[in-house]
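Student: Curious how this folds, go ahead:
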Amino acid sequence: ERLVNVEGRQEEGNGLARVYMNRASALQSLGDVGGAVAGYDKSIAIYERLVNVEGRSELAYQLASALMNRATALQCQGNLREAVAGYDKSIEIRERLIIVEERRGEAGGLPRAYMNRASALQSLGDLRGAVAGYDKSIAIYERLVNVEGMSELANELTSAHRSRAKLR
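Tutor: Next up is the predicted model:
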């Protein structure tokens, strides 16, 4: 914080955002979900500045990850609508990265975001929305596993099928 905020070394912003995100993750693991959300908020604010103001598009995936992690923490708190909104932002960024910028190496996060969003919608009682989310996740995982040969995502594909099947 001193390097970035006092000394003005903006090049250290990515490192600071990562520290906030790692700390938030640790707090969440310890059961301090409120502290985790606050940490993710700090990380997101830094990444939004880096990506949207400074044009550091290479950090957009990290922004999407911070948004998804915050949404997951919010979902744990029971703030389901806010969690869905966070997943939506993460999905929007991830789709842009994969479809527009063709950053295929980051494709695995997109179906995960759809799965998380579907889970939150299911908890809200929006079963149609949940089914649509699981279907989208399954379609992406099937393409990644069966067409692009990313066999390391096969377990996630199975998990998506299992989650969808539980809705029936």
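Student: residue contacts, residue 25?
Tutor: 36, 69 (C-beta atoms under 8 Å, 6 or more residues apart in numbering). The C-beta positions use only the backbone N, C-alpha and C, and glycine is treated the same way.
Student: What segments of the protein are helices?
Tutor: Secondary structure of the chain by DSSP state H: the helices cover 13-29, 33-48, 60-77, 80-95, 109-123, 127-142, 154-165.
Student: of those, which approaches residue 102 most closely?
Tutor: helix 80-95 (11.8 Å; C-beta to C-beta).
Student: Show me the residue at the heart of the chain, geometrically.
Tutor: Taking C-alpha atoms, centre = their mean, the centroid of the chain lies closest to residue 68, which sits 2.6 Å from it.
Student: Please put the alpha-carbon coordinates of the helix or strand of the chain with the lowest mean pLDDT into CSV.
Tutor: Taking mean pLDDT, DSSP states H and E as the measure, helix 13-29 is the helix or strand of the chain with the lowest mean score, a mean of 92. Output of helix 13-29 as CSV, limited to C-alpha atoms (Å, rounded to 0.1, in the frame of the first residue of the first chain):
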residue,chain,number,x,y,z
GLY,A,13,-0.7,-2.1,-8.3
ASN,A,14,-1.0,-5.7,-9.7
GLY,A,15,1.0,-7.1,-6.8
LEU,A,16,-1.1,-5.2,-4.3
ALA,A,17,-4.4,-6.4,-5.9
ARG,A,18,-3.1,-10.0,-5.7
VAL,A,19,-2.2,-9.6,-2.0
TYR,A,20,-5.7,-8.3,-1.3
MET,A,21,-7.2,-11.2,-3.2
ASN,A,22,-5.0,-13.8,-1.5
ARG,A,23,-5.8,-12.3,1.9
ALA,A,24,-9.5,-12.3,1.1
SER,A,25,-9.3,-15.9,0.1
ALA,A,26,-7.5,-16.8,3.4
LEU,A,27,-10.1,-14.8,5.4
GLN,A,28,-12.9,-16.7,3.6
SER,A,29,-11.3,-20.0,4.5
